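Novice: Just the structure for this:
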Amino acid sequence: MTATMTARPGLWPLLTTLRSRLSFRFSGTGHAAASLVADGRGFLHGEFWDLGGAAPECRVVPGLRYDSDTDPGRLPDDAVPFDDGGVLLIGRDGLWVVSPEGRRWSAGRLPTRPVVVAPAPDGSPSVFFVVREGTSGQCSGWQWTRTGSHAPVRRLGELPPLLARGGGWLDPHGDSYLVNVHDGGRTVPTVYDLRSGEYTALRADPAGDDTGWSVAPRTGEVLLVSAGTDGEGHRLRLYEPGGPTRELLAPRSLSGVVTPVAMHPGGGLVALHVVDQTSRSLVALDTATDDVRPMRAPEPCVLGAGAWCDGPSGAARFWSLSIGSGLPARMVAHDPDGWFEVHDGTPAGTYASWAPSEARRMPGAAGDIEAIVCGHQDWRSARQVVVCLHGGPADRWALKFSQLFQVLADEGVTVIAPNPRGSVGYGEAFHRPIAGAWAGPDLDDVLALARHVRRARGAPVALYGASYGGFLALLAAGVAPDLCSRVVAVAPFLSGDRLYPEASTRVRAMIDRLGGRTLVVDDAGPRDVLAQLPRITAPLVVLHGERDATVPVSQSQRLVRELRRLGRRPGTDFHYVEIAGAGHAPLDGSAELHQAVARFLAHGEWSAPTPPAATDCAEPARGGRTATTTGGR
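Specialist: The predicted structure is shown next:
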């Protein structure tokens, strides 16, 4: 059934104000933060968070805005904030200063992308960089400081091969910086003097193998992460200038994987992130008393980058970007009075009725797997359940805000987005089974989940997949047609082997690395979409961007030709939309396509981009693009 789309006006205008943060960084004091953000209208701009006062706020960086037609080589990759409201942009075309008033000028360029970016510890407009030079791992130190003469970044001197993680300022003036040096198979925390260009080991311990993880610039304290012995895992130790290095025992009482997030610049406090299976928590480690106390974040809340600072009253305050709650990212802070939030001021950021998301354990073929569940209704009683399959295959769904999931939820759909075997983020043993077995163990997990949902609900599920997920969704619909009510495949391919001759060098390298040309064949049949097409009985929608450089549109065109050869009726059994000018993510920015997909998955009605679909006709689908809606080619 085909219906003309009637887009709901309420949700999409909110979604177009949503900011996707492409970078995020705190100033040296933690009193400011900056990020590069893309909005739903196709613009990239800067965002500045003033966190030092009694009324923290977020504002747009003046003079920093790019549209979708900007040459990618001119777009910045990172923004470094300073406490006075200015930022330093880092990009392929060099370093650019944006003053608090919006004036802009060049600060020169670095030879390569920096592996260390350290704003000055006092919040002033100065940054220390470490870049890698050549192929031997050698590095060099660079520094930029804002002056009246607009002096460019300058080279300080050479450094030995370094770890890119850890380190920090050892003094409040920004004269010495801790780096982690590779030395004969071990890691040596090393002091780099920016004034002289010399470097010396932090402490004389020829047998040590520590990583300097965090530093307190006011006191010079260093949190060391040391490899444990006898399988006891990593240990945390504290280096204090002039005193002994002592082990911190309290973190051993924590169950799960413990990762230091940030150290207070005055020492004494370290925020620790604890992950225990599917639970995540934050605790504060008091290094003076060697004690831990929980910092129970408001639910739902999963924290990203963090920084300590002194609050307006002088008490310690911890700031973090909440990125993993299934809600738009927002700043959250913890001080002696508890937690509070600061929104970005956009309608999307302040909206309180988004569909909630959570991570759940659900049945797979060989044990439980993790899935993200998003919707206004419990999946057992929701009007419709859609199983959404991620791309990759070396990818995963995370507990982050999803525009697509919110549009689906607005249509009464509850999303179950599983991470089957082969997904990343669960260890090598979980990821390894996909190598040489595309649509093997991961398809088994998807089918096991679909059977579980069908048993609980008494109805089949709808399937949605993009890229590798589209490949997997089509195979699932063929292998187990009784489990599937309808399918949307976005930019699917037919098999790894069929994709290989048409793929780019980058995609071919990925296929080779993951053994994607090996065809799995078992009782369910070959994992080739063309071989499974005769068994697919569910209505089907295929969307593909005309300029897709990852999965060429020829893959979907061949799929459609085979559907027609099998006697499938375009406009009834299947719908094919080819979006002119679009790449590998053709839904991005399109209200019409998002709503059409949501209505089809919720009700089985294909709502064509306006005006209504007609065979082999070009119609507007999104700004600057057209959609060719047809039954085949």
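Novice: any weak-confidence spans in the stretch 251-400 of the chain?
Specialist: Within the stretch 251-400 of the chain, the ranges that satisfy pLDDT under 70 run 277-279, 298-302, 323-326.
Novice: Run through the helices of the chain in chain order.
Specialist: The residue ranges that make up the helices of the chain, judged by DSSP state H, are 11-16, 347-350, 403-410, 428-431, 441-457, 468-479, 496-499, 505-513, 529-532, 554-565, 591-603.
Novice: Name the residues of the longest one that are buried.
Specialist: Applying a neighbour-count criterion of 16 or more other C-beta atoms under 10 Å, the buried positions in helix 441-457 are 441-451, 453-454. To be clear about C-beta, it is placed using only N, CA and C from the backbone, and glycine gets the same treatment.
Novice: Same question for the fourth one.
Specialist: Neighbour-count burial for helix 428-431 flags 430-431 (criterion: 16+ other C-beta under 10 Å).
Novice: got the buried residues of helix 441-457 as CSV, with distance to P418 and pLDDT columns?
Specialist: Shown next, in CSV, are the buried residues of helix 441-457 (distance: C-beta to C-beta, whole Å; pLDDT from 0 to 100):
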residue, distance to P418, pLDDT
P441, 12, 96
D442, 9, 96
L443, 11, 97
D444, 12, 97
D445, 7, 98
V446, 7, 98
L447, 11, 98
A448, 10, 98
L449, 5, 98
A450, 9, 98
R451, 13, 98
V453, 10, 98
R454, 14, 97
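Novice: now the residues you listed in JSON lines, with distance to D175?
Specialist: Listed next are the buried residues of helix 441-457 as JSON lines, based on distance: C-beta to C-beta, whole Å:
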{"residue": "P441", "distance to D175": "54"}
{"residue": "D442", "distance to D175": "52"}
{"residue": "L443", "distance to D175": "58"}
{"residue": "D444", "distance to D175": "58"}
{"residue": "D445", "distance to D175": "54"}
{"residue": "V446", "distance to D175": "56"}
{"residue": "L447", "distance to D175": "61"}
{"residue": "A448", "distance to D175": "59"}
{"residue": "L449", "distance to D175": "56"}
{"residue": "A450", "distance to D175": "61"}
{"residue": "R451", "distance to D175": "64"}
{"residue": "V453", "distance to D175": "60"}
{"residue": "R454", "distance to D175": "65"}
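Novice: Any idea which of the helices of the chain gets closest to A262?
Specialist: Between A262 and the helices of the chain, the shortest gap by C-beta to C-beta is with helix 347-350, which sits at 23.5 Å.
Novice: chain center to the closest one: distance?
Specialist: With C-alpha atoms, centre = their mean, to the nearest Å as the basis, helix 347-350 stands 20 Å off its chain's centre.
Novice: Likewise for stretch 291-307?
Specialist: Stretch 291-307 has its C-alpha centroid displaced from the chain centroid by 19 Å (C-alpha atoms, centre = their mean).
Novice: contact partners of it?
Specialist: Surrounding stretch 291-307, the residues in contact under the criterion C-beta atoms under 8 Å, 6 or more residues apart in numbering are 24-26, 30, 33, 250-251, 253-254, 261-262, 271-273, 280-286, 318-327, 329, 332, 334, 339, 341, 356-358, 399.
Novice: Buried ones among those?
Specialist: Buried by 16+ other C-beta under 10 Å: 24-26, 30, 33, 250-251, 261-262, 271-273, 280-285, 318-327, 329, 332, 334, 339, 357, 399, out of the contacts of stretch 291-307.
Novice: backbone phi and psi for H31, please?
Specialist: Recorded main-chain torsions at H31 are phi -90, psi 0, according to degrees, to the nearest 10.
Novice: returning to that earlier point: which one of the buried residues of helix 441-457 is nearest to G391?
Specialist: The shortest approach to G391 among those belongs to D442, at 11.9 Å (C-beta to C-beta).
Novice: thought the closest one was touching P418?
Specialist: No: judged on C-beta atoms under 8 Å, D442 makes no contact with P418 at a distance of 9.1 Å.
Novice: which stretch among the helices of the chain comes nearest S226?
Specialist: Each of the helices of the chain has some distance to S226 by C-beta to C-beta; the shortest is helix 428-431, at 23.3 Å.
Novice: packing partners for that closest one?
Specialist: Of the remaining helices and strands, none touches helix 428-431 by 3 or more C-beta pairs under 8 Å, 6 or more residues apart in numbering; DSSP states H and E.
Novice: Mind listing residues that contact that helix?
Specialist: By C-beta under 8 Å, 6+ apart, the residues outside helix 428-431 that reach it are 394, 421-424.
Novice: Neighbour-wise, which one of those leads?
Specialist: Counting by other C-beta atoms under 10 Å, G422 has the largest number of neighbours within the contacts of helix 428-431, with 28 neighbours.
Novice: Could you list which of the contacts of stretch 291-307 belong to strands?
Specialist: The strands, defined by DSSP state E, take in 25-26, 33, 261-262, 271-273, 280-286, 318-322, 332, 334, 339, 341, 357-358 from the contacts of stretch 291-307.
Novice: D50: neighbouring residues, count only.
Specialist: Residues near D50, counting by other C-beta under 10 Å, number 17.
Novice: circling back: so which of the buried residues of helix 441-457 is the closest to W379?
Specialist: V453 (6.9 Å).
Novice: Surely that closest one and Q384 touch.
Specialist: No: at 11.0 Å, V453 does not count as touching Q384 under the criterion of C-beta under 8 Å.
Novice: partners of G212 in the sheet?
Specialist: In this structure, G212 has the following beta-bridge partners (DSSP bridges): L224.
Novice: which regions of the stretch 401-550 of the chain sit below the pLDDT cut-off?
Specialist: For the stretch 401-550 of the chain (pLDDT under 70), the answer is none.
Novice: For stretch 478-492, what is the distance to the chain centroid?
Specialist: For stretch 478-492, the separation from the chain centroid amounts to 27 Å (computed by C-alpha atoms, centre = their mean).
Novice: Provide a list of residues in contact with W339.
Specialist: By C-beta under 8 Å, 6+ apart, the contact set of W339 is 296-298, 332-333.
Novice: quick one: it from M295, how far?
Specialist: W339 is 8 Å from M295, where distance means C-beta to C-beta, to the nearest Å.
Novice: what separates G478 from A448, distance-wise?
Specialist: Summarising the geometry, the distance separating G478 from A448, computed by C-beta to C-beta, is 17 Å.
Novice: what do you get for S313?
Specialist: Computed as C-beta to C-beta, the S313 to A448 distance reads 54 Å.
Novice: again with P241
Specialist: With distances taken as C-beta to C-beta, P241 is found 57 Å from A448.
Novice: just A38 next, same as before
Specialist: A38 is 37 Å from A448, where distance means C-beta to C-beta.
Novice: which secondary structure elements does the longest strand along the chain contact?
Specialist: In terms of residue count, the longest strand belonging to the chain (DSSP E) is strand 57-66. For strand 57-66, the packing partners by 3+ C-beta pairs under 8 Å, 6+ apart come out as strand 44-50, strand 87-91, strand 94-98.
Novice: Any idea how far that strand is from the middle of the chain?
Specialist: A distance of 22 Å separates the C-alpha centroid of strand 57-66 from that of its chain, computed with C-alpha atoms, centre = their mean.
Novice: next one: stretch 77-91
Specialist: Using C-alpha atoms, centre = their mean, we find the averaged C-alpha position of stretch 77-91 to lie 21 Å away from the chain's own average C-alpha position.
Novice: Between the two ends of it, how far is it?
Specialist: From the first residue to the last, stretch 77-91 extends over 5 Å; the measure is C-alpha to C-alpha, to the nearest Å.
Novice: do the same with stretch 425-433
Specialist: The first and last residues of stretch 425-433 sit 14 Å apart, counting by C-alpha to C-alpha.
Novice: Identify the bridge partners of V274.
Specialist: Applying DSSP bridges to V274 gives these bridge partners: V258, S281.
Novice: Can you give me the neighbour number for it?
Specialist: V274 - counted by other C-beta under 10 Å - has 18 other residues nearby.
Novice: How about residues contacting stretch 82-91?
Specialist: Residues beyond stretch 82-91 that count as contacts (C-beta under 8 Å, 6+ apart) turn out to be 27, 29, 31-32, 34, 46, 48, 50, 52, 61, 64, 74-81, 95-100, 107, 110, 113-114, 117, 119-120, 123-125, 127, 144, 146.
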